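K.L.:
Got a predicted structure here, sequence first:
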Number of protein chains: 2
Amino acid sequence: MRMSQGVEWALHTCLNLTYVESGQAVPTAALAKFYALPPAYLNKHLQALVRAGILSSTPGPRGGFRLARRPEAISLLDVVTAIEGSGEAFPCDQILREGPGGRPDVDYRHACVIAGAMRHAELAWRRELAGRSLADIRAEVETRYPDTPRNTRERFAALLG
Amino acid sequence: MRMSQGVEWALHTCLNLTYVESGQAVPTAALAKFYALPPAYLNKHLQALVRAGILSSTPGPRGGFRLARRPEAISLLDVVTAIEGSGEAFPCDQILREGPGGRPDVDYRHACVIAGAMRHAELAWRRELAGRSLADIRAEVETRYPDTPRNTRERFAALLG
DNA sequence: GTGTAATTACTCGGATATTATTTGTCCGAGTGGACCCGG
DNA sequence: CCGGGTCCACTCGGACAAATAATATCCGAGTAATTACAC
């Protein structure tokens, strides 16, 4: 039930990329040093974000990663599902098929009341995450911690220089 | 992010125990045969439910498990946390401490905006699960599948006889 | 000085180990009923 | 027939092993800037 720590890395990294002037790419090494993360493993997660269409990557010198869309168009749910996969958290193995009156031709992922209740709760979770974009997060951060934009850009400048 | 399949087993088993006349205990073997589950492993999960105060167990002949409280007083969240633990699904490792302006004396599990957003979504999920009791589930099952009470009791009678 | 071609350093991307978690199994401790035996 | 003591089968509970997923690392393919060189 615990989700991968890569989700935390991905969320913070995407938020940081929000502050990079668009068109400029940031390599894995710089993104990893930002929070003292293992570069090779962070790169693995960044690859997943590229496959999900959240980041775009360019190889070679001056290459690296950048946001593939505007921050308003990237929800927290997008990032989470890119790392964790889109599967349901509650795995309905349809054990009712083995129970009394169970039939092999029925899809109990829809028929089972328990599975329905679990799915309903999960939808509430997804709805919350889908309703918050990177732009929203960024706005709240800047309200509560006004130094963050400057600090972030300075750190990037130092890491890229 | 995927939760243990033991949650499904536990939920269905608790729901089935709802139909057993109170005072009567059902051994692991019978509960396992109900859905053709591995008895020893199901027993492991039942132990967790006992530790959480959801079931009570009695050893020896005519022993087994029974609900420790009324079905109205057992929420889906109770069962889920009994199996999965009460920890947060999103693990905030406070990587902001290594970032620019990060301080070791700050608890970023509360200060971090991203952690807050994730916790908010998780609370929505918990609220849904906490709002549904075994009695609610049972009522919905009986509305949609009127044969379930009789089928369940008959299967238990066959397994205990 | 300028255009071109070879070189080189840099970056991503996936294949490969290692560790942690989940899944699954087994055997011992304890309990309650049943049976046996004596009164 | 009735009471008590012994035995035995049944059940939970935790210790132990295998399989799966998460974590971490390394090296090769490809690219773009840079440099050297000829014109």
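P.N.:
Thanks, I have the structure now.
K.L.:
mind pulling up the phi and psi values for A:Glu140?
P.N.:
Torsion angles at A:Glu140 (phi, psi; degrees, to the nearest 10) stand at phi -70, psi -40.
K.L.:
buried stuff in the helix of greatest length in chain A?
P.N.:
Identified as the longest helix of chain A according to DSSP state H is helix A:113-130. By neighbour count with 16 or more other CB atoms under 10 Å in any protein chain shown, helix A:113-130 contains the buried residues A:113-119, A:121-122, A:124-126, A:128-130. C-beta here means a position set from N, CA and C on the backbone, and glycine is covered the same way.
K.L.:
among those residues, which are within reach of DNA strand D?
P.N.:
Applying CB under 7 Å from any atom of the strand to the buried residues of helix A:113-130, one finds that nothing falls near DNA strand D.
K.L.:
Between helix B:113-130 and the longest helix of chain A, find me the angle.
P.N.:
Between helix A:113-130 and helix B:113-130, the angle comes out at 160 degrees (axes from the mean of the first three to the mean of the last three CA atoms, to 10 degrees).
K.L.:
what does chain A put close to DNA strand D?
P.N.:
Close to DNA strand D, as judged by CB under 7 Å from any atom of the strand, chain A has residues A:4-6, A:38, A:40-41, A:43-44, A:58-63.
K.L.:
Checking the residue nearest to the spatial centre of chain A next. Helix, strand or coil?
P.N.:
With distances taken as CA atoms, centre = their mean, the residue of chain A nearest its centroid is A:Val79 (1.8 Å). Of the three states, A:Val79 takes helix according to DSSP: H, G, I helix; E, B strand; the rest coil.
K.L.:
coming back round to it: in JSON lines, list the residues of chain A next to DNA strand D along with pLDDT.
P.N.:
Compiled in JSON lines, these are given as follows (pLDDT from 0 to 100):
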{"residue": "A:Ser4", "pLDDT": "97"}
{"residue": "A:Gln5", "pLDDT": "96"}
{"residue": "A:Gly6", "pLDDT": "98"}
{"residue": "A:Pro38", "pLDDT": "98"}
{"residue": "A:Ala40", "pLDDT": "97"}
{"residue": "A:Tyr41", "pLDDT": "98"}
{"residue": "A:Asn43", "pLDDT": "98"}
{"residue": "A:Lys44", "pLDDT": "98"}
{"residue": "A:Thr58", "pLDDT": "96"}
{"residue": "A:Pro59", "pLDDT": "95"}
{"residue": "A:Gly60", "pLDDT": "94"}
{"residue": "A:Pro61", "pLDDT": "94"}
{"residue": "A:Arg62", "pLDDT": "94"}
{"residue": "A:Gly63", "pLDDT": "95"}
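K.L.:
what are the ranges of the helices in chain A?
P.N.:
Counting by DSSP H, the helices of chain A are A:6-17, A:28-34, A:39-51, A:76-84, A:108-111, A:113-130, A:134-144, A:148-160.
K.L.:
For B:Pro91, find the nearest of those.
P.N.:
helix A:6-17 (6.9 Å; CB to CB).
K.L.:
check whether stretch A:110-126 contacts chain B.
P.N.:
Yes. Contact of stretch A:110-126 with chain B (CB under 8 Å from any CB of the partner chain) involves A:113-114, A:117-118, A:120-122, A:124-125.
K.L.:
Sort out which one of those lies nearest B:Leu11 for me.
P.N.:
A:Ile114 (5.1 Å).
K.L.:
Tell me how many other residues crowd the residue lying closest to that closest one once chain neighbours are set aside.
P.N.:
The shortest distance from A:Ile114 to any non-neighbouring residue, by CB to CB, 6 or more residues apart in numbering or on different chains, is to B:Leu11 (5.1 Å). Using other CB atoms under 10 Å in any protein chain shown, B:Leu11 has 22 other residues around it.
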